[in-house]
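Enquirer: any chance you could fold what I've pasted below:
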Amino acid sequence: MLDVLCPMHVVVGPDGRIVHAGPTARKFWQEGDLRGREFTEVFDIRRPRPVADGSELATLAGAKLHIRLRVPPHRELKGVAVAGPLPEHMTVNLSFGISVVDAIQDYDLTAADFAATDLTIEMLYLIEAKSAAMEASHQLNRRLQTAREAAEEQAVTDPLTGLNNRRAMDAVLAQYISAGRSFALMQIDLDFFKAVNDTFGHAAGDHVLLEVARIMIDETRSTDTVARVGGDEFIVLLDGDLDRDTIEQIAHRIISRMTRPIPFEGAICRISASIGSVQSTDYIRPTADQLLKDADEALYHSKRTGRERHTFFAGLAPGRQSAQI
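Expert: Numbering: from 1, shown residues only. Model (predicted):
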């Protein structure tokens, strides 16, 4: 009867030795039969107090026992001792408590190892269902996070070149101005790009734009911002208080590399670049609109005076610039 109702019980005789063990309790001792073993050889009672041997169990009758198995894997158990079923015998009914999940793996337990009225199996189903739901939730959150990051990246990235787009450039420019940082702004327009598209097709034009993006990345620093803001229009924000000679050198390196022939499927594509630049340090209170407007005017001065050149707005209209300060 006890084997069915309490499969995790042991019966201890008056000499402190185990005289019977339920079918699940027998799995604790994998070195043979539990019967004949001294109770304290297998079980270590921690609370409410230790006992020297199993014959003292009667002094703990009815108390909640905190027990640790002395044999690996040294699982923690809960138990209660009651007198019977024979005179001077004690029956100790045991439970794994919250360690039941680990115990099932340790002892390869199944539903048959628990009493039919034991809610442990139902609890395990709930734990498994909760774990599955939590894992599904984590996976969904990870997918949503990845999708959000991808959407955020796409929102500030030019899909063809992988450069920043105008939205990203506007954000960086606003941040630089609000922080009072020193920087230079280059506005770059490709010369003869329309002829490439008209002559060789848009695939050739896309190839040229990718090469242009690579050149700009090569000729700027990781701290600078390179953005494609139109079909063949680009803006470069050069971080820091660079002297004018350094900015000139960067501009001329970009122009020089863009004038080199760009092969595409047996054809040769030829472009150049015109650049206009402004420096934030030339303004007492720079605004994004004014910087972009002045850089654009310097750019078109470069185009009007022959293309394939770089112009500073400050050198173009010193009187007007003084009025901006």
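Enquirer: what about G62, neighbour count?
Expert: A count of nearby residues for G62, using other C-beta atoms under 10 Å, gives 8. Just so you know, the C-beta spots here come from the backbone N, C-alpha and C atoms, and that holds for glycine as well.
Enquirer: for it, grab phi and psi.
Expert: phi 90, psi -10 (degrees, to the nearest 10).
Enquirer: my guess is it meets V80, correct?
Expert: Yes: with contact defined as C-beta atoms under 8 Å, G62 and V80 form a contacting pair (6.9 Å).
Enquirer: need the pLDDT of the residue located most distally from the centre of the chain.
Expert: Centroid-distance maximum for the chain: P87 at 64.6 Å, with C-alpha atoms, centre = their mean. You'll see P87 listed with a pLDDT of 89.
Enquirer: where does it sit: helix, strand or coil?
Expert: Three-state assignment for P87 (DSSP: H, G, I helix; E, B strand; the rest coil): coil.
Enquirer: relative to P14, how far out is it?
Expert: 8 Å (C-beta to C-beta, to the nearest Å).
Enquirer: residue ranges for the helices of this structure, please.
Expert: Remark: helices assigned in the chain by DSSP state H are 2-5, 39-42, 100-107, 120-155, 166-179, 193-200, 202-218, 244-258, 288-304, 313-316, 318-324.
Enquirer: give me the residues contacting the second one.
Expert: In this case it means helix 39-42. Outside of helix 39-42, the residues within contact range by C-beta atoms under 8 Å, 6 or more residues apart in numbering are 10, 12, 16-18, 28-29, 34, 51-54, 57, 69-71, 92.
Enquirer: tell me the contacts of the nearest residue to P23 once chain neighbours are set aside?
Expert: Of all residues not flanking P23 in the chain, P7 sits nearest, at 5.1 Å (C-beta to C-beta, 6 or more residues apart in numbering). Neighbouring residues of P7 by C-beta under 8 Å, 6+ apart: G22, P23, T24, A25, D113, F114, A115.
Enquirer: who's the nearest residue to R35 once chain neighbours are set aside bridged to?
Expert: Spatial nearest neighbour of R35, chain neighbours left out: I18 (5.7 Å); criterion: C-beta to C-beta, 6+ apart. Beta-bridge pairing for I18 (DSSP bridges): V12.
Enquirer: I18 and F43 touch, don't they?
Expert: No: distance between I18 and F43: 9.2 Å, which falls outside the contact criterion (C-beta under 8 Å).
Enquirer: how about the nearest residue to A295, chain neighbours excluded?
Expert: Q187 is the one closest to A295 (C-beta to C-beta, 6+ apart), at 4.0 Å.
Enquirer: give me the beta-bridge partners of that neighbour?
Expert: With DSSP bridges as the rule, Q187 is bridged to I235, G276.
Enquirer: can you pull the pLDDT of it?
Expert: So, for Q187, pLDDT stands at 97.
Enquirer: show me the contacts for it.
Expert: Going by C-beta under 8 Å, 6+ apart, Q187 touches E233, F234, I235, I275, G276, S277, L292, A295, D296, A298, L299.
Enquirer: can I get those in TSV including distance to A314?
Expert: Formatted as TSV, the contacts of Q187 follow (distance: C-beta to C-beta, whole Å):
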residue	distance to A314
E233	22
F234	21
I235	18
I275	14
G276	11
S277	9
L292	15
A295	11
D296	14
A298	9
L299	14
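Enquirer: can you list the residues you listed in CSV and add pLDDT?
Expert: Formatted as CSV, the contacts of Q187 follow (pLDDT from 0 to 100):
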residue, pLDDT
E233, 96
F234, 97
I235, 97
I275, 97
G276, 96
S277, 97
L292, 96
A295, 96
D296, 95
A298, 96
L299, 96
